[in-house]
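**Q** Pasting a predicted model and its sequence here:
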Amino acid sequence: MPPLPIHFVQSASSLHQLPTSRRELAIIGRSNVGKSSLINALANRTKLAKTSKTPGATQLINIFELAPEGSGNWLVDLPGYGFAKAPRREITRWREMIEQYLTGSASLEAVLVLIDGAVGPTPLDLQTIDWLHHIDLPARFVATKADKVRPSKSKARRTEVLTLLEVERSDVLWVSASSGLGIDELRREILAFFAED
């Protein structure tokens, strides 16, 4: 499966700063879940999305467009929730920005919810998922850092994830930006999403 042909379009601090699009797929998760690393793996590029060892590096709405340029098919990288070392006022602003986008974007049709596979769903993850259900946004669950789960604990961790999320095995895609596990399948799913009429 070839890399996704995506390019950076722009960053924004508000929904109103964004141009119109055809279809949007947002990516959300905790601030150290590996969103930027996953975007880079999907595109097979190292610096397309900014990565950092410090949680909270993504502080704006970042738009990546699927080729061709001007297609209006957007992957939208949102700031992570939790753990960001920032003033409370900034964290509040990020939360309001995310909520405004998720509830106000007319072109947003689904969300990739990233769960840290090495940790499992946290209470904050579950709270976010409940809220997405409340606003009727379809969610696809992606468990990141699959390579960080010891083989001896893999079965138990996967069962734990399914139990806490209350979903079936097919509802969670396990991936690793480092090893490439599951990346091809996620690329196919994203292309299929944007190919829909």
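**A** Done, it's in.
**Q** how close does the residue of the chain most remote from its centre get to I115?
**A** Here the chain reaches farthest from its C-alpha mean at S152, the gap being 27.3 Å by CA atoms, centre = their mean. Distance, S152 to I115, using CB to CB, to the nearest Å: 20 Å. Using the backbone N, CA and C atoms, a C-beta is placed for each residue, glycine as well.
**Q** now A146
**A** A146 is 11 Å from I115, by CB to CB.
**Q** who has more neighbours, these two?
**A** I115 (25 against 21; other CB atoms under 10 Å).
**Q** can you tell me how far the more buried one sits from L126?
**A** For I115, the distance to L126 - CB to CB - is 10 Å.
**Q** what is in contact with these two at once?
**A** L165 (CB atoms under 8 Å, 6 or more residues apart in numbering).
**Q** residues in contact with the closest residue to S13 other than its chain neighbours?
**A** Nearest residue to S13, sequence neighbours excluded (CB to CB, 6 or more residues apart in numbering): L60, at 5.6 Å. Residues in contact with L60 (CB under 8 Å, 6+ apart) are S11, A12, S13, P79, M97.
**Q** is it possible to export these to a markdown table including secondary structure and distance to V33?
**A** Compiled in a markdown table, the contacts of L60 are given as follows (DSSP: H, G, I helix; E, B strand; the rest coil; distance: CB to CB, whole Å):
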| residue | secondary structure | distance to V33 |
| --- | --- | --- |
| S11 | strand | 19 |
| A12 | strand | 21 |
| S13 | coil | 21 |
| P79 | coil | 12 |
| M97 | helix | 18 |
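**Q** Report the buried members of those.
**A** Buried members of the contacts of L60, scored by 16 or more other CB atoms under 10 Å, are A12, P79, M97.
**Q** The residue most central in space within the chain - nearest residue in space that isn't next to it in sequence?
**A** In the chain, the residue lying closest to the centroid (CA atoms, centre = their mean) is I27, at 2.4 Å. Leaving aside its chain neighbours, I27 sits nearest to L112 (4.8 Å; criterion: CB to CB, 6+ apart).
**Q** host element of that neighbour?
**A** In this assignment (DSSP states H and E), L112 forms part of strand 108-116.
**Q** in its sheet, what does that strand sit against?
**A** strand 23-29 (parallel), strand 139-144 (parallel) (DSSP bridges).
**Q** E185: which of the ones you listed is closest?
**A** E185 lies closest to strand 139-144 among those, at 10.0 Å (CB to CB).
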